[in-house]
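1. sequence and predicted model, in that order:
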Amino acid sequence: LPRAEPPGTAVPAADALVRALGAIARRHGLWIAGAAPVRDAAGVQTLGVIVAPDGVVVLRVPKVTPDVFDGFTDSTATLGAPLDFAAVATPFGKLGLLTGEDLLVPGLVRGTMLAGAELLLSPTAGHAPGTAESLAELPTAIAYENWCAVAVASPATRRLGGIDAAQATRSGLFDQRGLAVRAAPGEAFCSVRFEVEVIRLARARVSPDLYDNFPVWLRAPLFGAVFAHQAAQRPAPAAPA
């Protein structure tokens, strides 16, 4: 679902949001993924959740970056806090969740994918002025770079991004079909066939031949070693006064 916008200043408590979504999931036998601003002891922060059909919250992801798509909001972010990347196993694949602007941060995307995410969900509130065109292409670009599927839900756009058809045909890993789907004008949802085995096959058969774009989960050890070597050659910077 898109990121919820509470009316006026009526920001719910985090526990109230979780209880409400859990009740809806149980009543209708649904998996629900979404996000909303919530209030707790630390103030207001956007929280992303995935709820199972039994009403249990199986993934809870506080938003890392500030809310800026619709203008700065009176909320906090966790830019300086350690983050435990997580993905949850479901009957239709391992799911990760990044809300709104978090999807624009490559390190957050790649960390979630390194945690095992095969389908990355992104509930968002909209887009900043002038960014609609680039954000419309973003799910496909992220999916290609990280060999995962990306689903974005906003009030204006719902799209599933996948590796583009030309790349898939060249690699021989997929049949020749378009893997980008969006809702038609006036429709509230789009119907997609997410085939997790396609993602798993791609990750198992990435090759330096045939124009494959190596995902970061193959490059990370290389870059990590380079960084460690460079860091060891330099004196520690002084802490700011």
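-> In hand now; what should we look at? Bear in mind the structure is a predicted one, so any value in this text is a computation, not a measurement.
2. going along the chain, name the strands of the protein.
-> Assigned by DSSP state E, the strands in the chain fall at 32-40, 43-51, 57-62, 88-90, 93-97, 119-123, 149-153, 158-161, 181-182.
3. format the ones you listed as a markdown table; extra columns: distance to residue 199, mean pLDDT and mean neighbour count.
-> Where you see a C-beta, it was placed from the backbone N, CA and C, and this is true even at glycine. Conversion of the strands of the chain to a markdown table gives the following (distance: least, CB to CB, whole Å; pLDDT from 0 to 100; neighbours: other CB atoms under 10 Å):
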| stretch | distance to residue 199 | mean pLDDT | mean neighbour count |
| --- | --- | --- | --- |
| strand 32-40 | 18 | 90 | 21 |
| strand 43-51 | 18 | 92 | 21 |
| strand 57-62 | 18 | 94 | 18 |
| strand 88-90 | 14 | 95 | 15 |
| strand 93-97 | 7 | 94 | 24 |
| strand 119-123 | 8 | 89 | 25 |
| strand 149-153 | 6 | 83 | 24 |
| strand 158-161 | 12 | 53 | 22 |
| strand 181-182 | 15 | 64 | 16 |
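4. with distance to residue 73 added, can I get these in a markdown table?
-> Rendered in a markdown table, the data for these read as follows (distance: least, CB to CB, whole Å):
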| stretch | distance to residue 73 |
| --- | --- |
| strand 32-40 | 7 |
| strand 43-51 | 8 |
| strand 57-62 | 15 |
| strand 88-90 | 27 |
| strand 93-97 | 19 |
| strand 119-123 | 15 |
| strand 149-153 | 19 |
| strand 158-161 | 22 |
| strand 181-182 | 27 |
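5. OK, contacts around the nearest residue to residue 68 once chain neighbours are set aside?
-> In space, and not counting its chain neighbours, residue 68 is closest to residue 101: 6.1 Å by CB to CB, 6 or more residues apart in numbering. Going by CB atoms under 8 Å, 6 or more residues apart in numbering, residue 101 touches 63, 65, 66, 67, 68, 69, 124.
6. any of the residues you listed buried? List them.
-> Among these, those scoring as buried are 63, 65, 66, 67, 69, 124 (criterion: 16 or more other CB atoms under 10 Å).
7. mind listing what the nearest residue to residue 196 once chain neighbours are set aside touches?
-> Once flanking residues are discounted, residue 196 sits nearest to residue 93: 3.7 Å by CB to CB, 6+ apart. Under the criterion of CB under 8 Å, 6+ apart, the contact partners of residue 93 comprise 118, 119, 194, 196, 199.
8. same check on residue 1?
-> Contacts were defined as CB under 8 Å, 6+ apart; by that measure residue 1 touches 32, 33, 34, 123, 153.
9. switch to 6 Å and redo it
-> 34, 123, 153 (CB atoms under 6 Å, 6 or more residues apart in numbering).
10. ok, of these, which one's closest to residue 11?
-> Taking CB to CB as the measure, residue 11 lies nearest residue 34 of those, at 15.1 Å.
11. and the gap between that closest one and residue 111?
-> For residue 34, the distance to residue 111 equals 21 Å [CB to CB, to the nearest Å].
12. great, nothing more from me.
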